[in-house]
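Participant: Predicted model and sequence follow; I will ask about them next.
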Amino acid sequence: MPLIPNTFPEASERPDDRWRQTHLGRLLGHAMRRFDERVLHLMAGNEGVPLALANLASRDQISAAHVHITRHLALEGSRLTDLARAAGMSKQAMGDLVDQCAAWGLVRREPDPVDARARRVVFTPVGLAWLEAFKAAVAQAEAEFRDAVGKDVATVVALGLEAYAH
């Protein structure tokens, strides 16, 4: 049996591809996942979160995907298509998340007062308590970020991200 020649270049001859692990988009993705994980961890320990939801969060049953509803659902309610668009998700994927959140008592669907053919997704009282816990967890995670990188760096990062996002 003939030997297959090594077609891979020596390490010194390979192009440098470390940029794939360290480019800005990848770093932003890692930072967002870390931030969301910390927020969910803080919410799991928040006394204002109903026990069943805290248990789901502590067992990683609630993910960053579920946080999209918390981030994007308007206080007066939103149509599913608007909610999906705001979260950058398909209508079907958002519908699945809304179904789960409705089963957990966070949201409900109700008729849209503007268009009788349409339905809105709205927070329930439990969902509003969840939203308050989310607000507190985000504030805590932001404070931890400021402590980790320093106030000046945190301010520059926030201003830079805001400018870049808009």
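Facilitator: Arrived safely. Numbering: from 1, shown residues only.
Participant: going forward, measure contacts and count neighbours with C-alpha atoms only.
Facilitator: Fine.
Participant: Please name the bridge partners of residue 111.
Facilitator: residue 119 (DSSP bridges).
Participant: do you know how far it is from residue 126?
Facilitator: The gap separating residue 111 from residue 126 is 20 Å, by C-alpha to C-alpha, to the nearest Å.
Participant: Of the two, give the one with the bigger neighbour count.
Facilitator: residue 126 (17 against 13; other C-alpha atoms under 10 Å).
Participant: most residues in a single helix of the protein, which one?
Facilitator: Counting residues, the longest helix found in the chain (DSSP state H) is helix 125-149.
Participant: pLDDT on that helix, on average?
Facilitator: Helix 125-149 shows a mean pLDDT of 93.
Participant: for that helix, which positions count as buried?
Facilitator: By neighbour count with 16 or more other C-alpha atoms under 10 Å, helix 125-149 contains the buried residues 126-138, 141-142.
Participant: out of these, which one sits closest to residue 35?
Facilitator: residue 141 (6.8 Å; C-alpha to C-alpha).
Participant: Please list all residues in contact with that closest one.
Facilitator: Counting by C-alpha atoms under 8 Å, 6 or more residues apart in numbering, residue 141 touches 35, 38-39.
Participant: Where do the strands of this structure begin and end?
Facilitator: For the chain, the strands defined by DSSP state E occupy 78-79, 107-111, 119-123.
Participant: Using JSON lines, please lay out the ones you listed together with distance to residue 68.
Facilitator: Below are these laid out as JSON lines (distance: least, C-alpha to C-alpha, whole Å):
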{"stretch": "strand 78-79", "distance to residue 68": "13"}
{"stretch": "strand 107-111", "distance to residue 68": "13"}
{"stretch": "strand 119-123", "distance to residue 68": "13"}
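Participant: Out of those, which is the most enclosed?
Facilitator: Of all those, strand 119-123 carries the top mean neighbour count, a mean of 23, counting by mean count of other C-alpha atoms under 10 Å.
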